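J.: show me how the following folds:
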Amino acid sequence: MGATKRGMLNVLIAAILWGSSGVCAQYIMEKSQISSPYLTMIRLLFTGVILLTLSFMHGDKIFSVIKNRKDALSLLIFSLFGALVVQLTFLVTIEKSNAATATVLQFLSPTIIVAWFAIARKARPGIFVFAAILTSLIGTFLLVTHGDPTSLSISPAALVWGIASAFAAAFYTTYPSTLIARYGTLPIVGWSMLLAGLMLTPFYAGRGATFAIDGTLLLAFFYLVVIGTALTFSLYLKGAQMIGGPKASILSCAEPLSSALLSVVLLGVAFSLPDWLGTLLIVSSVVLISLDSRRRVKAST
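T.: The predicted structure is shown next:
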């Protein structure tokens, strides 16, 4: 198998596993009655330790970023408003609705990013970007209203948290680029998750100790932290390096689709025709943005 095919396979598997991790989180919260902040804390702490360990084994100088005061401050900002907020808003959205809805709403983040850059640069968006913004808005409308503007198909809280999750994901994607270029992806993401988990610890460390743990829940925890977060992240990074960002973005569209399918099959979540149409429109917006990126790359060469 060639490098391109291996890269595409890595990204596709990562996207499907990411989609399944949201379903796993919903299962854990429903079965154990763990609150979303407590589950966020556990997920961040364990994933942070795993990613930093992998980074150290890879030969990265994981403590370099902490020794630089300015970069350490940037890392703290990224940990608080990036890692913590994006994970917390996502899991709260699942708690208020379901994994499929939360994943699809968070998938609005690429549209938010391109819209923000168009406004900041005072540049008129190209046809692909304009179409992406339009399809994402129509898709969101269908997902949250089922086509009836007088009523919501999800709770107002789920909608607010879901949109907040998309904005947090947009910040999470764009803010750490300088840090990552300087120190590498694994050290920055690992530290951000560990620090974010530690930030939650004083508030939630003693609030989740009453739930009963059984073998199924332990397996679900393992899957969420190790398979659905740490392994998935490593697979996506490796694949994206092989095939480039635009292709990786297109293949990552498997994430909301896998989340929706698994939610229906495994958790019995009701997903109607407007839900599927809304999901496909939001997914198509990411494809359009990726096509615009490829067009720009070709035009500059």
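J.: for the protein, which helix is longest?
T.: When the chain is scanned for its longest helix (criterion: DSSP state H), the result is helix 3-32.
J.: after it comes which helix or strand?
T.: helix 36-57 (DSSP states H and E).
J.: tell me what angle the longest helix of the chain forms with helix 36-57.
T.: Orientation check (axes from the mean of the first three to the mean of the last three C-alpha atoms, to 10 degrees): helix 3-32 against helix 36-57 gives 150 degrees.
J.: what average pLDDT does helix 3-32 get?
T.: Helix 3-32 shows an average pLDDT of 90 in the prediction.
J.: stretch 61-70 now?
T.: 93.
J.: who touches it?
T.: 52, 55-56, 71-72, 75, 179, 182-183, 187-188, 190-191 (C-beta atoms under 8 Å, 6 or more residues apart in numbering). Placement of C-beta: from N, CA and C, glycine included.
J.: now stretch 31-47
T.: 25, 28-29, 83-84, 87-88, 91-92, 94-95, 190, 193-194, 196-198, 200-201, 203-205, 207-208, 211-213, 216-217, 220-221, 224-225, 229-230.
J.: now, of these, which are buried?
T.: Buried residues within those, counting neighbours by 16 or more other C-beta atoms under 10 Å: 25, 28-29, 83-84, 87-88, 91-92, 94-95, 190, 193-194, 196-198, 200, 204, 208, 217, 220-221, 224-225, 229-230.
J.: most neighbours among the contacts of stretch 61-70, which one?
T.: Greatest neighbour count in these, by other C-beta atoms under 10 Å, goes to Ile188: 29 neighbours.
J.: on the three-state scheme, it is what?
T.: At Ile188 the chain is in helix, as set by DSSP: H, G, I helix; E, B strand; the rest coil.
J.: and the helix or strand bottoming out on mean pLDDT in the chain, what does it pack onto?
T.: Among the helices and strands of the chain, helix 245-251 carries the lowest confidence by mean pLDDT, DSSP states H and E, at a mean of 75. If you count contacts as 3 or more C-beta pairs under 8 Å, 6 or more residues apart in numbering; DSSP states H and E, helix 245-251 packs onto helix 3-32, helix 232-243, helix 273-300.
J.: buried residues, it. List them.
T.: Judged by neighbour count using 16+ other C-beta under 10 Å, the buried positions of helix 245-251 are 246-251.
J.: dump those residues to a markdown table, plus distance to Tyr38.
T.: Shown next, in a markdown table, are those (distance: C-beta to C-beta, whole Å):
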| residue | distance to Tyr38 |
| --- | --- |
| Pro246 | 37 |
| Lys247 | 37 |
| Ala248 | 32 |
| Ser249 | 32 |
| Ile250 | 35 |
| Leu251 | 33 |
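J.: which regions of this structure sit below the pLDDT cut-off?
T.: By pLDDT under 70, the low-scoring segments of the chain are 1, 206-212, 245-246, 294-301.
J.: Leu267 reaches Val23, doesn't it?
T.: Yes: between Leu267 and Val23 there is a contact under C-beta atoms under 8 Å: 6.4 Å.
J.: so which of the buried ones among the contacts of stretch 31-47 belong to helices?
T.: Counting by DSSP H, those contribute 25, 28-29, 87-88, 91-92, 94-95, 190, 193-194, 196-198, 200, 204, 217, 220-221 to helices.
J.: spatially nearest residue to Ser55 (excluding sequence neighbours)?
T.: Leu186 (3.8 Å; C-beta to C-beta, 6 or more residues apart in numbering).
J.: swap that for Ser155, please
T.: Lys96 (5.7 Å).
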